[in-house]
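[1] what follows is a predicted protein model with its sequence.
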Amino acid sequence: MASRALVIPCAAKASNAWAMICVPVPRPWQLISTMKKPIITQTFDPCNLDAGETALTKLWQLAIKDQDVAALAEQDMMIVHCYAGTKDTAMFAERYSGCAIEVKSLGGDKTVDMPFDVTYGGTRTVGTAAIADGVATFTKATA
(Lines give C-alpha, C1' and ligand atoms only; values in the text may rest on other atoms or scores of the structure.)
Protein backbone atom coordinates (compact mmCIF):
# COMPACT_ATOMS: atom_id res chain seq x y z
CA MET A 1 0.00 0.00 0.00
CA ALA A 2 1.38 3.43 -0.89
CA SER A 3 1.94 6.05 1.81
CA ARG A 4 1.54 9.77 1.84
CA ALA A 5 3.45 11.87 4.36
CA LEU A 6 1.54 14.52 6.25
CA VAL A 7 3.52 17.27 7.94
CA ILE A 8 1.70 18.92 10.81
CA PRO A 9 2.71 21.30 13.62
CA CYS A 10 3.50 19.48 16.84
CA ALA A 11 1.72 21.10 19.79
CA ALA A 12 3.77 19.34 22.48
CA LYS A 13 7.07 21.02 21.63
CA ALA A 14 8.18 24.52 20.73
CA SER A 15 6.13 26.42 18.19
CA ASN A 16 8.60 25.59 15.44
CA ALA A 17 8.44 21.79 15.97
CA TRP A 18 6.86 19.64 13.30
CA ALA A 19 5.85 15.99 13.19
CA MET A 20 5.75 13.81 10.10
CA ILE A 21 3.12 11.12 10.03
CA CYS A 22 2.94 8.50 7.29
CA VAL A 23 -0.65 7.72 6.43
CA PRO A 24 -1.41 4.75 4.18
CA VAL A 25 -3.32 5.79 1.09
CA PRO A 26 -5.51 2.96 -0.16
CA ARG A 27 -5.68 2.24 -3.84
CA PRO A 28 -9.24 2.13 -5.25
CA TRP A 29 -9.29 -1.69 -5.12
CA GLN A 30 -8.16 -1.66 -1.48
CA LEU A 31 -10.93 0.52 -0.10
CA ILE A 32 -12.72 -0.87 2.89
CA SER A 33 -16.38 -1.56 2.30
CA THR A 34 -19.25 -2.30 4.62
CA MET A 35 -20.99 -4.22 1.86
CA LYS A 36 -22.25 -7.64 2.92
CA LYS A 37 -23.13 -10.80 1.07
CA PRO A 38 -26.57 -10.30 -0.48
CA ILE A 39 -29.66 -12.00 0.88
CA ILE A 40 -31.38 -13.41 -2.17
CA THR A 41 -35.13 -13.81 -1.99
CA GLN A 42 -37.68 -14.61 -4.65
CA THR A 43 -41.46 -14.34 -4.53
CA PHE A 44 -43.67 -16.73 -6.46
CA ASP A 45 -47.04 -14.99 -6.69
CA PRO A 46 -49.31 -15.96 -8.31
CA CYS A 47 -48.63 -19.64 -7.99
CA ASN A 48 -51.47 -21.98 -8.91
CA LEU A 49 -51.61 -25.53 -7.59
CA ASP A 50 -52.16 -27.78 -10.58
CA ALA A 51 -52.47 -31.55 -10.67
CA GLY A 52 -49.20 -33.18 -11.62
CA GLU A 53 -46.92 -30.33 -10.45
CA THR A 54 -44.35 -32.38 -8.55
CA ALA A 55 -42.54 -29.49 -6.85
CA LEU A 56 -45.72 -27.69 -5.79
CA THR A 57 -47.27 -30.92 -4.54
CA LYS A 58 -44.16 -31.50 -2.39
CA LEU A 59 -44.35 -27.91 -1.10
CA TRP A 60 -48.08 -28.28 -0.31
CA GLN A 61 -47.39 -31.51 1.58
CA LEU A 62 -44.58 -29.97 3.66
CA ALA A 63 -46.35 -26.67 4.39
CA ILE A 64 -50.04 -27.51 4.58
CA LYS A 65 -50.51 -31.22 5.19
CA ASP A 66 -47.47 -32.00 7.41
CA GLN A 67 -46.74 -28.45 8.66
CA ASP A 68 -43.06 -29.42 8.69
CA VAL A 69 -41.42 -26.06 9.40
CA ALA A 70 -37.97 -27.60 9.91
CA ALA A 71 -38.05 -29.17 6.44
CA LEU A 72 -39.27 -25.91 4.89
CA ALA A 73 -36.22 -24.15 6.36
CA GLU A 74 -33.66 -26.57 4.85
CA GLN A 75 -34.52 -27.10 1.19
CA ASP A 76 -32.00 -27.73 -1.59
CA MET A 77 -32.93 -25.33 -4.39
CA MET A 78 -31.52 -24.47 -7.79
CA ILE A 79 -31.81 -21.31 -9.88
CA VAL A 80 -31.36 -21.92 -13.60
CA HIS A 81 -30.51 -18.81 -15.62
CA CYS A 82 -32.09 -19.84 -18.93
CA TYR A 83 -30.78 -16.70 -20.66
CA ALA A 84 -27.13 -17.53 -19.87
CA GLY A 85 -25.47 -20.44 -21.64
CA THR A 86 -26.55 -22.99 -24.18
CA LYS A 87 -30.32 -23.43 -24.26
CA ASP A 88 -31.54 -26.67 -22.65
CA THR A 89 -28.06 -28.23 -22.37
CA ALA A 90 -25.63 -25.99 -20.44
CA MET A 91 -27.30 -23.00 -18.80
CA PHE A 92 -25.66 -21.21 -15.87
CA ALA A 93 -27.11 -22.47 -12.58
CA GLU A 94 -26.72 -21.83 -8.85
CA ARG A 95 -27.56 -24.43 -6.24
CA TYR A 96 -28.20 -23.49 -2.60
CA SER A 97 -28.16 -26.15 0.11
CA GLY A 98 -30.14 -24.42 2.88
CA CYS A 99 -33.11 -22.46 1.54
CA ALA A 100 -36.13 -21.36 3.54
CA ILE A 101 -39.59 -21.46 1.97
CA GLU A 102 -42.47 -19.48 3.42
CA VAL A 103 -45.94 -20.25 2.14
CA LYS A 104 -47.95 -17.01 2.23
CA SER A 105 -51.50 -18.30 1.85
CA LEU A 106 -53.71 -21.01 0.43
CA GLY A 107 -56.92 -20.30 -1.40
CA GLY A 108 -58.29 -18.40 -4.37
CA ASP A 109 -61.50 -17.70 -6.26
CA LYS A 110 -61.36 -19.96 -9.32
CA THR A 111 -58.08 -21.80 -8.71
CA VAL A 112 -56.19 -22.95 -5.66
CA ASP A 113 -53.38 -20.44 -5.20
CA MET A 114 -50.41 -20.97 -2.92
CA PRO A 115 -48.01 -18.00 -3.20
CA PHE A 116 -44.66 -18.45 -1.45
CA ASP A 117 -41.30 -16.78 -0.86
CA VAL A 118 -37.88 -18.44 -1.06
CA THR A 119 -34.82 -17.15 0.78
CA TYR A 120 -31.76 -18.74 -0.76
CA GLY A 121 -29.08 -19.75 1.74
CA GLY A 122 -26.58 -22.35 2.76
CA THR A 123 -23.69 -23.34 0.53
CA ARG A 124 -23.79 -21.81 -2.95
CA THR A 125 -22.52 -24.10 -5.71
CA VAL A 126 -22.32 -22.88 -9.29
CA GLY A 127 -22.39 -24.94 -12.43
CA THR A 128 -24.64 -25.65 -15.37
CA ALA A 129 -28.06 -27.18 -15.75
CA ALA A 130 -29.51 -29.23 -18.56
CA ILE A 131 -33.26 -29.58 -18.94
CA ALA A 132 -34.71 -32.64 -20.67
CA ASP A 133 -38.27 -33.92 -20.42
CA GLY A 134 -39.04 -31.37 -17.70
CA VAL A 135 -36.19 -32.55 -15.46
CA ALA A 136 -33.24 -30.26 -14.61
CA THR A 137 -29.86 -31.93 -14.14
CA PHE A 138 -27.16 -29.96 -12.32
CA THR A 139 -23.46 -30.30 -13.12
CA LYS A 140 -21.04 -28.64 -10.69
CA ALA A 141 -18.44 -26.35 -12.26
CA THR A 142 -14.84 -27.46 -12.05
CA ALA A 143 -12.29 -25.15 -10.45
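    Now that the structure is in, tell me what you want to look at.
[2] quick one: contacts of the helix or strand hosting Y96?
    For Y96, the element it lies in under DSSP states H and E is strand 90-103. For strand 90-103, the external contacting residues (CB atoms under 8 Å, 6 or more residues apart in numbering) are 59, 62-64, 72-82, 84-85, 114-131, 136, 138-140. From N, CA and C alone the C-beta is placed, and that goes for glycine too.
[3] give me the mean pLDDT for that strand.
    Averaging pLDDT along strand 90-103 yields 94.
[4] related to what we said a few turns ago, which among the contacts of strand 90-103 count as buried?
    59, 62-63, 72, 75, 77-80, 85, 114-116, 118-121, 127-130, 138 (16 or more other CB atoms under 10 Å).
[5] returning to what we had before: following the strand holding Y96, which helix or strand comes up?
    Per DSSP H and E, strand 90-103 leads on to strand 116-120 as the next helix or strand towards the C-terminus.
[6] and that following strand, what does it pack onto?
    strand 40-44, strand 75-86, strand 90-103 (3 or more CB pairs under 8 Å, 6 or more residues apart in numbering; DSSP states H and E).
[7] show me the shaky parts of this protein.
    1-33 (pLDDT under 70).
[8] mind running it again at 80?
    Within the chain, the segments meeting pLDDT under 80 span 1-35, 51-52, 108-111, 143.
[9] re earlier: reformat the helices and strands packed on strand 116-120 as CSV; add distance to T34.
    Output for those, formatted as CSV (distance: least, CB to CB, whole Å):
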stretch, distance to T34
strand 40-44, 19
strand 75-86, 26
strand 90-103, 24
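[10] select, out of the ones you listed, the one closest to T54.
    When the helices and strands packed on strand 116-120 are compared by CB to CB, strand 75-86 sits nearest T54, at 13.9 Å.
[11] any idea of the angle that closest one forms with strand 90-103?
    150 degrees (axes from the mean of the first three to the mean of the last three CA atoms, to 10 degrees).
[12] quick one: secondary structure of L62?
    helix (DSSP: H, G, I helix; E, B strand; the rest coil).
[13] give me the beta-bridge partners of the most centrally placed residue in the chain?
    Nearest to the geometric centre of the chain sits I40, at 3.6 Å (CA atoms, centre = their mean). Assessed by DSSP bridges, I40 has beta-bridge partners Y120.
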